[in-house]
Structure formats: C-alpha cells, structure tokens
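**Student:** all I have is the shape, not the residue letters:
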C-alpha cells in the first residue's frame with residue numbers, strides 16, 4: 001500500500017485524481033477520524049470497499065462536492081431542519097436524508113435507495129470531492145464492528161493489504177461524526 005502525505009498528494013494531484021475517479025479504494029483523513037473511501041459512482045469500487053470493510057447491509061455515507069449537490073439530489077420531509085443543519089456544514093456531522101435522485105450514486109452505495117448519509121467535513125478532504133465534482137464514499141476505516149482508525153497503528157492488516165493507497169496526516173483525536181437523521185418529520189440526533 002502506498003502511503004501519501006497531503007503534500008505528496010498535491011504534487012501528484014493529477015495521478016491520484018485519476019485513480020479516485022477510476023475507482024481506487026483508499027484511506028483518507030477527515031475532521032473526525034480516518035475513513036475508507038472510493039467514488040460513489042462505480043459499483044465495482046463500492047462492492048470492493050464493502051468487502052474490505054465487511055459491511056454488507058447498511059447504506060454508506062458520502063462526502064459530497066457541495067451544498068448544491070445536496071439540494072439537487074436529497075430531500076427531507078422537514079425542510080426547515082434540513083436547511084438548519086446544512087448551515088452547520090462543513091462540520092463533524094452526517095446528515096441522513098432521502099435520496100430523491102437515484103442516479104446520484106450507484107445502487108451499492110445506499111442499497112435500498114431510500115436514504116443516504118451526507119458529509120462535508122471541515123477538512124481539506126472536502127476539497128477533493130469538490131475538485132472532482134463527484135460524491136466520495138466515506139465510512140470509518142475499520143472492519144465493521146471494530147474500533148475505528150485514528151492513527152497508523154490502528155490500521156487493520158486485512159484493510160491495509162486491500163486498499164490502493166492511503167493519505168496519512170498523523171494521529172486524529174476526534175471521534176466518529178454525529179449522525180443527524182433528517183429522513184423523518186422530526187430530526188433524530190445520535191452521538192457516536
């Protein structure tokens with residue numbers, strides 16, 4: 001596995017941009033913890049990510065390119081709360097919204113197509129999604145049910161051996177993002 005710093009990614013931007021758009025599965029930092037991601041538009045990539053993570057039954061979250069992307073592709077029965085929470089982005093939140101445009105992500109990203117987790121981290125990784133103008137799957141870089149990754153020592157060998165590359169920026173002192181479920185009439189807030 002190739003481990004990059006942010007500076008190395010900047011210097012080799014075009015190559016890694018092509019790799020991400022082409023379907024690479026990679027580990028990346030966020031404003032909270034390390035995530036494992038890939039383009040949310042390629043079924044084969046999302047299937048590979050699910051195999052690596054051993055998570056087959058839940059929708060995945062995506063880092064979206066913009067708030068406009070959210071407005072174009074997602075909805076909530078409670079528009080006031082949706083707007084209120086969107087104002088808090090970027091930030092350490094995952095907004096669960098109804099996916100109104102089923103073509104916005106491949107079916108393997110959100111499985112049954114009803115809802116999707118939306119992130120815009122307060123972190124430079126959001127600029128990658130913005131520059132590529134695609135949603136990037138993001139889920140904690142761990143095997144489902146195990147501790148999430150906050151530093152290189154936490155990276156599980158089965159994951160390390162299967163990802164295409166990793167962007168590493170040192171230890172993270174955060175925790176998983178707060179989940180705000182806006183798919184119903186009242187918001188449900190769940191701290192992790």
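**Tutor:** Yes, it's here. Keep in mind that this is a model prediction, so the values were computed, not measured.
**Student:** need the contact list for residue 69.
**Tutor:** By CB atoms under 8 Å, 6 or more residues apart in numbering, the residues touching residue 69 are 104, 135. The way it works is simple: take the backbone N, C-alpha and C, and place the C-beta from them, glycine included.
**Student:** return the set of buried residues in the helix or strand harbouring it.
**Tutor:** In the assignment (DSSP states H and E), residue 69 maps to helix 67-73. Within helix 67-73, the residues that count as buried by 16 or more other CB atoms under 10 Å are 69, 70, 73.
**Student:** can you pull out the helices in the protein?
**Tutor:** Using DSSP state H, the helices of the chain run over 6-11, 13-22, 43-53, 67-73, 79-86, 107-110, 125-132, 157-160.
**Student:** look up the closest residue to the spatially most central residue of the chain, ignoring the ones flanking it.
**Tutor:** The C-alpha lying nearest the average C-alpha coordinate of the chain belongs to residue 138 (CA atoms, centre = their mean; 1.9 Å). Among residues not flanking residue 138 along the chain, residue 35 sits closest, at 4.2 Å (CB to CB, 6 or more residues apart in numbering).
**Student:** out of the helices of the chain, which gets nearest to residue 119?
**Tutor:** helix 125-132 (8.2 Å; CB to CB).
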